[in-house]
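Asker: sequence below, structure please.
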Amino acid sequence: MRSLSIVIPALNEAENLPTVMGSIPHGELAEAGWSVEVIVVDNASTDDTAAVARKLGATVVSQPLRGYGNAYRAGFDAATGEVIATGDADCTYPFDALPHLLHIMEARGVEFMTTNRLGVENRRAMKPSHTVANHALSALSRALFRNGLRDSQSGMWIFQRHVWQAIEVRSPGMAFSQEIKNAATRSGFRCLEVPIEYRVRGGEVKLNALPDGVANLRQLFEHKLRDNRFRTTPARMVPLAEMARANAAAERAAQAAERAAGLVQELARGQALPSVPAQPTQPGQSVLPSPRKNDDAVAPVNARTSEGSSLDGLDESSVLAGSRKNDDSSLGLGVDDESPFEMA
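Answerer: Okay, the predicted model is just below:
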């Protein structure tokens, strides 16, 4: 089995951890061939975060030095998986989408995957002021690093262990999120950004908007100066394509699969099969009924109809991570079947 480490930094999140831990689809990940360890980094919490995490089955790593980046660095050092996935402990990120994100990652040969929360379908999950600030920081990051990322501040990433071992990320605080993305894309790794559902936060907001925003601005320019001095490999981004039509097709296919699965269940129970009358036989004659002409053959159906599941015959990139309630206009980025291109 392949190994996955899910690293979750937590500062006074005892209230949210049961929901967050309960959203991790261990059964579905196991079916897909993943062994999973969950690491909760207790970042000097003053509540029962560590005790609650242990009770829920997580490995708890203590990081007394507060800071988003400090917490992740401790978590990554403790992780043993060949692939690492991240997300906050505040109920905002869709851990239930991990099987689909991992499938896309493997199908496209991606080394570093990041996520985009800034689609219009998520506008109610974020304060308007935070939305504006996220768009502004992301636009500046794109201009400086030319990697095309629409959401430089997203806290959900999935990446191969060797990526973390090869890049240099210095930020101790919230700027860690943008720095790890820019470092990965500018180091020549095969990278991809996909849209996700972003949910309303649970509990107390920990973000200090003005100080964190200023620190992020300063880090962007410092990182750019460092990047210009040492970079030798251009950014590599997987080509992106619209997902609206593909997502709509997936919705229709899911509905059709549900109907087909229902029919198969009825047939399996014998509700739709007429009884075959016994026929008299003579010595040497087969007791099986003669085949009837024009009977429709019943083909086996192999479709998974749960929300967000992959379906036979669909391009894997047609599946939008998280909720499928989004309309076509809300969808942003997807994946096509082309080879990667390089961006200087």
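
Asker: all helices for the protein, in order.
Answerer: Along the chain, counting by DSSP state H, helices occupy 17-22, 26-31, 49-55, 68-78, 98-107, 128-145, 161-166, 176-186, 209-230, 244-268.

Asker: which one of those helices lies closest to Asp90?
Answerer: Across the helices of the chain, Asp90 has its closest neighbour in helix 17-22 (7.8 Å, CB to CB). Placement of C-beta: from N, CA and C, glycine included.

Asker: how about that closest one as PDB, C-alpha atoms only?
Answerer: Provided in PDB are the C-alpha atoms of helix 17-22 (Å, rounded to 0.1, in the frame of the first residue of the first chain):
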ATOM      1  CA  LEU A  17     -11.200  18.400  16.000                       C
ATOM      2  CA  PRO A  18     -14.000  15.800  16.200                       C
ATOM      3  CA  THR A  19     -15.600  17.200  13.100                       C
ATOM      4  CA  VAL A  20     -12.300  17.500  11.200                       C
ATOM      5  CA  MET A  21     -11.100  14.000  12.200                       C
ATOM      6  CA  GLY A  22     -14.500  12.600  11.300                       C
END
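
Asker: can you pull the buried residues of it?
Answerer: Using 16 or more other CB atoms under 10 Å as the test for burial, helix 17-22 gives 17, 19-21.

Asker: hang on, the earlier thing: just the helices of the chain: most buried one?
Answerer: Mean neighbours per residue, mean count of other CB atoms under 10 Å, is largest over the helices of the chain for helix 176-186, with a mean of 24.

Asker: tilt between that helix and helix 68-78?
Answerer: 60 degrees (axes from the mean of the first three to the mean of the last three CA atoms, to 10 degrees).

Asker: now do helix 176-186: everything it contacts.
Answerer: The contact list for helix 176-186 (CB atoms under 8 Å, 6 or more residues apart in numbering) reads 67-69, 72, 111-112, 114, 137, 141, 145, 147, 149, 152-155, 157, 159, 163, 167-171, 191, 216, 219-220, 223, 227, 231, 233, 235-237.

Asker: repeat that for 7 Å
Answerer: Residues from elsewhere that reach helix 176-186, judged by CB atoms under 7 Å, 6 or more residues apart in numbering: 68-69, 72, 112, 114, 137, 141, 145, 147, 149, 152-155, 157, 159, 163, 167-171, 191, 216, 219-220, 223, 227, 231, 235, 237.

Asker: list the contacts of the nearest residue in space to Ala175 that is not next to it in sequence.
Answerer: In space, Ala175 comes closest to Gln219 once its chain neighbours are excluded; the distance is 3.8 Å by CB to CB, 6 or more residues apart in numbering. With contacts defined as CB under 7 Å, 6+ apart, Gln219 is in contact with 171, 175, 179.

Asker: do you know how far Gln219 is from Ser154?
Answerer: Distance, Gln219 to Ser154, by CB to CB, to the nearest Å: 16 Å.
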